[in-house]
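Enquirer: Quick one, structure for this:
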Amino acid sequence: MSLVGWIEGDDPELMWQERALCAQTDPESFFPEKGGSTREAKRVCLSCDVRGECLEYALAHDERFGIWGGLSERERRKLKKRA
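Expert: Numbering: from 1, shown residues only. Just a heads-up that it's a prediction; the model follows:
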């Protein structure tokens, strides 16, 4: 199963997901068990061309689970508090 599996229709706002490196990677590394390592997912994010769009999406939609745009949920929460 790919991470882009939830795309409904051809919403241009979500087209970045088709270019996301995570769509070509094991999704379980982006949603580790509590206390599990996020290192592999974050390494993939570092070289992803749509990392910015991914992070914007996660912040705008208050994603509470997983690695989005190279940040964990806790890191995204801290970022939102600073904004």
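Enquirer: How about the spatially most central residue of the chain: what's its closest non-neighbour residue?
Expert: With distances taken as CA atoms, centre = their mean, Trp68 lies nearest the centre of the chain, 2.3 Å away. Closest residue in space to Trp68, ignoring its immediate chain neighbours: Ala58 at 3.3 Å, by CB to CB, 6 or more residues apart in numbering. Where you see a C-beta, it was placed from the backbone N, CA and C, and this is true even at glycine.
Enquirer: Please name the residues that touch that neighbour.
Expert: Applying CB atoms under 8 Å, 6 or more residues apart in numbering, we find Ala58 in contact with Trp68, Gly69, Leu71, Arg76.
Enquirer: just Val44 next, same as before
Expert: Val44 sits in contact with Leu21, Cys22, Thr25, Ser29, where contact means CB under 8 Å, 6+ apart.
Enquirer: pretty sure it is in a strand, no?
Expert: No: applying DSSP: H, G, I helix; E, B strand; the rest coil, one finds Val44 to be helix, outside a strand.
Enquirer: distance of the residue nearest to Trp68 from Gln17?
Expert: Per CB to CB, to the nearest Å, Ala58 is found 12 Å from Gln17.
Enquirer: Which other helices and strands does the helix or strand bottoming out on mean pLDDT in the chain contact?
Expert: One helix or strand of the chain scores below all others by mean pLDDT, DSSP states H and E: helix 16-19, with a mean of 90. Here helix 16-19 touches helix 51-60, going by 3 or more CB pairs under 8 Å, 6 or more residues apart in numbering; DSSP states H and E.
Enquirer: From what I see, the residue nearest to the centre of the chain and Glu75 are in contact.
Expert: No: the pair Trp68 / Glu75 is not scored as a contact, 9.7 Å apart, by CB atoms under 8 Å.
Enquirer: Phe31 touches Glu63, doesn't it?
Expert: No: in this structure Phe31 lies outside contact range of Glu63 using CB under 8 Å: 10.6 Å.
Enquirer: Comparing these two, which shows the higher neighbour count?
Expert: Neighbour tally, Phe31 and Glu63, criterion other CB atoms under 10 Å: the higher count belongs to Glu63, 17 against 13.
Enquirer: I appreciate the help and will end here.
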